[in-house]
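Peer 1: my questions concern the predicted model and sequence given below.
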Amino acid sequence: MTGIARESGKRLSRTERLGEQFKKEKFRKSYFARQLKVFLAAQIRALRGDRTQTEFGELIGKPQSVVARLERESYGKVNLQTLIDIATKLDIALIIRFVNFSTFLEWTKDYSQEALAPQPYGGVAQARVALPSRDAVQREHATPKDFPSIEEYEATPKRSLPKLPVPPAEQIAPALQ
Amino acid sequence: MGLYCKNAIAVVTFRCYISSDGVDQIRLWYDAQGDVIQADLLAVMETLEAISRDKWPESCFKELENRKGSQCEGLVELILEDDAGVHYRIFGFSGPRNDDFTMLLAIRKNDDPTYKRSCEEAQKRKAEVIHDWNRAREWEAPQSD
C-alpha cells in the first residue's frame, strides 16, 4: 500500500477509496457480491434482535431453519419471494435492482443501525426520506468533479431549447389523427 | 474506526497482530493476496465493524471450540472464500479492549500444512497481545495500490 493519499495522511471517503479499487475487475465483482450477501445476513440478524430464531420465524411466518439459512449468508440461495414475505410481515420495504457500480457505492455506504434494521411504516420512518438528498450526498461524499456545489450549479448558464416556430393547429391535428 | 468515513459509528474496532519485529502480520498477508480475497475481507470487515460483536451474522465468522489436539477455545475465525472455492481463515479474538477484535493469524485453509496447529499459534499471539496492547494495531483500510 503506497498510495499518495495515505502517505500524505489525507482521509479518503469510502466512495473514493473503493472507487479507486473498483478499477480492478476482480475486486469490484468480488466486493459487491460479498457485500450484498453479508449485509443481507446482517440485516436479518439485526431485524431479529434479541428474539430467538424460532420466535423471529413465527413473526415472519417462516420456520426456524429458514431464519438460520438467511443469517448464514454463505448459503447464497435466497428466494426473492421469501424476502418479499419477510418485508411484508415486518412492514418494511425491499429494494432489489441492477445498478452501476457508482450507484452501488452510493447506496451501500450507510451502515447505521437504521440502515441495518429499518423501522416499520408509521411514525418516524414514515416521515423520513429513505435516501439522502442530492445536497446531502454532495456535502458529505461527492467530489466537486462529480457534483457541483449548489452555488456553482446556480451560477452555471443554463442551456435553453431553441425557440422553434410553432406550426398552426390545423397542421398538427392531421398528424395526430 | 479505520482511516475512512462512512455513515456509521464503528462499534467494533478491527486490529492486527504486530510481531516482535514490529511487522503487521495481517497487513503483510493481506497485501500478498489477490483482488478477490482482498475484496472479500474488506466487505466482511466493513459490515462487521458496524455491528456489535454479539450480533454478527453467522458464517462471516465461527466461534472455535477445543478440537482434539488443539487449543482453540476463546478464538474466532473469520471466513473468506475466493472465486475458485478456496477457503481462507483469519483467526482472532475479541479484545484486548472492549469492542476490539484483533486478527491474529491468516491462513489458506485447504492446503496449508500449518492449519492444524493454527489454534496453538493464534493462542500464542493472543497472549502476546494481551500482555502488550501495542502488539495490536488498528486496521487501516488500504487507500490505494
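Peer 2: Okay, I see it.
Peer 1: identify the bridge partners of the residue nearest in space to the middle of chain B.
Peer 2: Most central in chain B under Cα atoms, centre = their mean is residue B:103, positioned 3.0 Å from the mean C-alpha point. Listed by DSSP bridges, the beta-bridge partners for residue B:103 are residue B:16, residue B:92.
Peer 1: how far away is it from chain A?
Peer 2: Using Cβ to the nearest Cβ, to the nearest Å, we find residue B:103 at a distance of 16 Å from chain A. Placement of C-beta: from N, CA and C, glycine included.
Peer 1: contacts only, for that residue.
Peer 2: B:14, B:15, B:16, B:17, B:26, B:78, B:90, B:91, B:92, B:139 (Cβ atoms under 8 Å, 6 or more residues apart in numbering or on different chains).
Peer 1: which of these has the most neighbours?
Peer 2: Highest neighbour count within the contacts of residue B:103: residue B:92, with 28 neighbours (other Cβ atoms under 10 Å in any protein chain shown).
Peer 1: tell me if I'm right that that residue and residue B:118 touch.
Peer 2: No. The criterion here is Cβ atoms under 8 Å, and residue B:92 misses it with residue B:118 at 11.5 Å.
Peer 1: ok so, going back, list just the nearest of the contacts of residue B:103 to chain A.
Peer 2: residue B:78 (10.9 Å; Cβ to the nearest Cβ).
Peer 1: A strand includes the closest one, no?
Peer 2: Yes. Counting by DSSP: H, G, I helix; E, B strand; the rest coil, residue B:78 is part of a strand.
Peer 1: and stretch B:40-47, does that touch chain A?
Peer 2: Yes. Part of stretch B:40-47 sits near chain A under the criterion Cβ under 8 Å from any Cβ of the partner chain, namely B:40, B:42, B:43, B:44, B:46, B:47.
Peer 1: what about that stretch, distance to the chain center?
Peer 2: When C-alpha coordinates are averaged (Cα atoms, centre = their mean, to the nearest Å), stretch B:40-47 and its chain have centres 11 Å apart.
Peer 1: quick one: mean pLDDT over it.
Peer 2: Mean per-residue pLDDT for stretch B:40-47: 93.
Peer 1: stretch B:117-125 too?
Peer 2: Rounded mean pLDDT across stretch B:117-125 is 92.
Peer 1: same check, this time on stretch A:63-76
Peer 2: Stretch A:63-76 comes out at a mean pLDDT of 81.
Peer 1: buried residues in that stretch?
Peer 2: Under the neighbour-count criterion of 16 or more other Cβ atoms under 10 Å in any protein chain shown, stretch A:63-76 has A:66, A:67, A:69, A:70, A:71, A:72, A:73 buried.
Peer 1: contacts made by the helix or strand harbouring the third one with the rest, please.
Peer 2: Element membership of residue A:69, judged by DSSP states H and E, is helix A:64-71. Contact partners of helix A:64-71, identified using Cβ under 8 Å, 6+ apart, comprise A:40-41, A:44-45, A:48, A:52-54, A:56-57, A:60, A:75, A:78, A:82, B:57-59.
Peer 1: before we move on, the earlier item: and which of the residues of stretch B:40-47 next to chain A is nearest to residue A:95?
Peer 2: Of all those, residue A:95 sits closest to residue B:47, with 17.4 Å by Cβ to Cβ.
Peer 1: in which helix or strand does that closest one reside?
Peer 2: Using DSSP H and E, residue B:47 sits within helix B:35-48.
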